[in-house]
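Asker: Provided below for reference: sequence and predicted model.
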Amino acid sequence: MTMNAVSRRSFLQHAAAAASVMGLAGCATSSGKIRLRDTNTPAGASGSVWIGGDLQVNRIGLGTAGFTSRDGVPRDRNAIRAVLRRAIELGVNHIDTADVYGSNLVERFIAEALYPYPSDLVIASKGGQTRNRPETGGRDGRPEHLREACEGSLKRLKLEQIPLYYLHSPDPKVPLEDSIGALAQLQKEGKIRHIGVSNVSLAELAKARSLVSIVAVQNQYNMLLRDSDEIIDICERDKIFFIPFSPLGGRTAEVLTSQDDRLAKLQALADERHVEFSQIALAWLLARSPVMLPIPGTTQVAHLESNVAAGKVRLTRQELSLE
Ligand SMILES: NC(=O)c1ccc[n+]([C@@H]2O[C@H](COP(=O)([O-])OP(=O)(O)OC[C@H]3O[C@@H](n4cnc5c(N)ncnc54)[C@H](OP(=O)(O)O)[C@@H]3O)[C@@H](O)[C@H]2O)c1
């Protein structure tokens, strides 16, 4: 047996023990379930998973919506470039974006900073939101729009295929069948590899799944906003990944600033362990379910490093409870 095999085995034993502490026992291997791999990158500390059975990502990714203001004004370009490049150095290989972020600007920033991409990088993008349709709350799920959005993202990201592409939000004026059908067609043409859905209800998820294979759901979820608990349980049961957006509470990082009593216990835990509260907030998500892949957004390298290091923080089942 090689040294590599020995260290791999001892890592897996250690990881299985950690998983058991987190309540993840029995979820250590096989496609769609958490696979704790022998990676030596900081972003691999919480394990890695296979999205859609063929895209291996470390569980902590990076969100990019905050690279511009809500009005689309870019933040400091050098700072953004530094965050993206440091993310790669740390082993972050799941970057979440959308055409609508900064009205196409953010996808360009990603390509400018990282192209040519590392071979294991999974860039997830989305189509179906626009700044031009106030009558639908900014949603546009028309097939012709989704095609244009996807083809635009391919160009800006300099990709031949987008590894994971989401319907950003169901459009109340377009049957979900039509929007999902458009993504199915793009998948058939090889323009997207896997399909995800975002901002969906349980019924919308079920409908989408009746039409195509959905590998990921991206809904808002954090310690304070737990509307998707039932969806997460279904994702876990059926091995669909759940990407909690706004894991720290969104642009205002509300989870970190809230005075909510439910968080007091976890603040005490952070103090006891000498870790940042933000790390406890991310560790809480990782412990909530093995299918959970947080994508905290940041424009600061120090915050990125802290968020990635949260993957080392383990919570017990008791600590996971906010009661
Ligand atoms: N599907 C959707 O509809 C949807 C909607 C919203 C977001 N998203 C995706 O989800 C990603 C994450 O959500 P989000 O960016 O809205 O919110 P978030 O990740 O919950 O929080 C981002 C905020 O937290 C701060 N922050 C990050 N790390 C920190 C740390 N270690 N300590 C203190 N503050 C920290 C950031 O400020 P600094 O920049 O100063 O670090 C920023 O203000 C987005 O970037 C986007 O990719 C998707």
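Answerer: Okay, I see it.

Asker: name the next helix or strand following the worst-scoring helix or strand of the chain on mean pLDDT along the chain.
Answerer: The helix or strand of the chain with the poorest confidence is helix 3-21; it has a mean of 34 (mean pLDDT, DSSP states H and E). The helix or strand immediately downstream of helix 3-21 is strand 48-51, counting by DSSP states H and E.

Asker: ranges for the strands of the stretch 151-300 of the chain?
Answerer: Using DSSP state E, counting those that start in this stretch, the strands of the stretch 151-300 of the chain run over residues 162-167, 192-198, 214-220, 241-245.

Asker: redo those strands as CSV? Include mean neighbour count, distance to residue 270 and mean pLDDT.
Answerer: Quick note: C-beta positions are derived from backbone N, CA and C, even for glycine. Shown next, in CSV, are those (neighbours: other C-beta atoms under 10 Å; distance: least, C-beta to C-beta, whole Å; pLDDT from 0 to 100):
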stretch, mean neighbour count, distance to residue 270, mean pLDDT
strand 162-167, 25, 32, 98
strand 192-198, 24, 30, 98
strand 214-220, 23, 23, 98
strand 241-245, 25, 19, 98
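
Asker: now those in JSON lines, with distance to the ligand?
Answerer: Below are the strands of the stretch 151-300 of the chain laid out as JSON lines (distance: least, C-beta to the nearest ligand atom, whole Å):
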{"stretch": "strand 162-167", "distance to the ligand": "7"}
{"stretch": "strand 192-198", "distance to the ligand": "4"}
{"stretch": "strand 214-220", "distance to the ligand": "5"}
{"stretch": "strand 241-245", "distance to the ligand": "3"}
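
Asker: dig out what whichever residue of the stretch 201-323 of the chain sits closest to the ligand forms beta bridges with.
Answerer: Closest contact between the stretch 201-323 of the chain and the ligand, by C-beta to the nearest ligand atom, is at residue 297 (2.5 Å). Beta-bridge pairing for residue 297 (DSSP bridges): residue 63.

Asker: local confidence estimate at the closest residue to the ligand within the stretch 51-200 of the chain?
Answerer: In the stretch 51-200 of the chain, the residue that lies nearest the ligand is residue 63 (2.4 Å; C-beta to the nearest ligand atom). At residue 63, the model reports a pLDDT of 98.

Asker: repeat for residue 33
Answerer: 47.

Asker: residues in contact with residue 79?
Answerer: 299, 300, 301 (C-beta atoms under 8 Å, 6 or more residues apart in numbering).

Asker: in a markdown table, list the residues you listed along with neighbour count.
Answerer: A markdown table is the format used below for the contacts of residue 79 (neighbours: other C-beta atoms under 10 Å):
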| residue | neighbour count |
| --- | --- |
| 299 | 16 |
| 300 | 15 |
| 301 | 15 |
